[in-house]
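Colleague: what's the 3D shape of this:
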Amino acid sequence: MSEATERFNPAPSRKLGRLPHDPVALASAPQLAGHPFAAAAPRAVVDRREVPFQPGLYHNDTLPDCTAVGLANAASAVAALNGFALAIVPDKVTAFYAGCVGCAPTFEAMEATPGAVALDVLNCQVTQGFDVGSQVPLVGLHGVLPHDRTTLACAIDRLGHAYLGVTLHERDMEQSPMWDVVDGRDDGKVVGGHLIVGWDYTGLTDDATLRLATWGKFQPATWRWLEARLNEAHALIWRQLGATSGEDLGVSVEALEAELARIRTA
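Modeller: Below is the predicted model:
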C-alpha cells in the first residue's frame, strides 16, 4: 500500500457531481447582492437542532446527482422551518436530475453522466418545476450569493439555507468529525466538485462550526474550510413552502422574477 493510499482512505459510498460553473453565466444570473435580507448583521449563533429537518441521501452514494439532492435538501429545510414536512419521493429527485442532464431516468444511464452544473439545475426547476411527488411541482426563485461570510450567514439565518458549490480534496472524502483546513497540512489532490447545503452555525469566527447537509447527514465544518473550498453560492425563495412571500424575508421578489423571466423566454 502506498503512502498516499495510507494517508487518504476515502469513505465508502460517496459521490460528487457538481460540474464547474461558467463564470460568465454565473455573473449574468440573478444576483442576491444588495437585497435587504443582508442589510443587517446575521445572528451570532443560529442553532436549529430542534428543527425536524434531516438531510436526505437521494442516491448520492451511487449517482453524481448532488446538485439535485442539494435542491431537495434545501427545500426540505425551508419547509421544516415553516413548520411542516415536505414529502419527497427519492426517485423523483433522480428523475429530475436525469431531466436536467438529458439522460434516461435509469441508474445505468445516470451513473454514466459526469454530473451537472448547479446553475443549470436551478434554471431547470424554474422552467420545468421540481416534481418531488404528490405536491404541485416546486418552483423556487433563485439568486447568486456573494461569498463574504456575513452574506452567507444572513442567507442561512434569514432565508433558511445556502446552496453551496464546493471543491473537495482527498481528505474531505474521509469519514471526518470536522471539515477544516490547517496551515501546512496537505489535504491531498482535488477530487471534484460537490453541492452542499448550509443549515446553521455556532458562531462567525474562523473556527466556528457550520452544519452542512450532504450525503444524508449533517457534516460539521469550520468557516475557514468553507471559504477555502467555496466556488459558488446560491439561495432560493419557495413561496409554496410557507406563509412568507419573499419580501418579508428581505428579498426583492419582483427583481428576481424579472431576471428569471429572461431564463423562461431564452
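Colleague: packing partners of the longest helix seen in the chain?
Modeller: Criterion DSSP state H: the longest helix present in the chain is helix 66-81. Other elements packing on helix 66-81 under the criterion 3 or more Cβ pairs under 8 Å, 6 or more residues apart in numbering; DSSP states H and E are helix 90-101, strand 116-117, helix 118-128, strand 162-169, strand 190-201, strand 209-214, strand 230-237. Bear in mind the C-beta positions are built from the backbone N, C-alpha and C, glycine included.
Colleague: and Leu256, what does it touch?
Modeller: By Cβ atoms under 8 Å, 6 or more residues apart in numbering, the residues touching Leu256 are Pro30, Leu141, His142, Gly143, Ile237, Gly246.
Colleague: let's see it at 7 Å
Modeller: Pro30, Leu141, Gly143 (Cβ atoms under 7 Å, 6 or more residues apart in numbering).
Colleague: my read is that the second one contacts Glu257, right?
Modeller: So the one you mean is Leu141. Yes: applying Cβ atoms under 7 Å as the test, Leu141 and Glu257 come out as touching, 6.5 Å apart.
Colleague: of those two, which one has the most company?
Modeller: Leu141 (21 against 14; other Cβ atoms under 10 Å).
Colleague: so what sits opposite the spatially most central residue of the chain in the bridge?
Modeller: Nearest to the mean C-alpha position of the chain, by Cα atoms, centre = their mean, lies Tyr163 at 2.9 Å. Tyr163 has these beta-bridge partners by DSSP bridges: Val197, His234.
Colleague: wait, doesn't it sit right on Gly70?
Modeller: Yes: Tyr163 lies in contact with Gly70 (Cβ under 7 Å); the separation is 5.6 Å.
Colleague: list residues touching both of these two?
Modeller: With Cβ under 7 Å, 6+ apart, Tyr163 and Gly70 have common neighbours Val197.
Colleague: skipping adjacent residues, who's closest to Lys55 in space?
Modeller: Slight slip there: residue 55 is Pro, not Lys. Ala213 (3.7 Å; Cβ to Cβ, 6 or more residues apart in numbering).
Colleague: Leu57 too?
Modeller: Once flanking residues are discounted, Leu57 sits nearest to Gly216: 3.2 Å by Cβ to Cβ, 6+ apart.
Colleague: run a quick neighbour tally on the one you found.
Modeller: 17.
Colleague: ramachandran coordinates for Glu254?
Modeller: phi -60, psi -40 (degrees, to the nearest 10).
Colleague: look at it and report its pLDDT.
Modeller: Looking at Glu254, its pLDDT stands at 91.
Colleague: for Met1, same thing?
Modeller: 37.
Colleague: next one: Gly160
Modeller: 96.
Colleague: do Ala266 as well
Modeller: 61.
Colleague: so which of the helices and strands packed on helix 66-81 gets nearest Val45?
Modeller: strand 190-201 (7.0 Å; Cβ to Cβ).
Colleague: in this structure Leu159 contacts His35, no?
Modeller: No: in this structure, Leu159 is not within contact of His35 by Cβ under 7 Å, at 9.6 Å.
Colleague: quick one: which of the two has more around it?
Modeller: Leu159 (27 against 24).
Colleague: ramachandran angles for the more buried one?
Modeller: phi -100, psi -10.
Colleague: residues in contact with it?
Modeller: Phe37, Ala235, Leu249.
Colleague: rebuild those residues as TSV, extending it with distance to Phe84.
Modeller: Formatted as TSV, the contacts of Leu159 follow (distance: Cβ to Cβ, whole Å):
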residue	distance to Phe84
Phe37	22
Ala235	20
Leu249	17
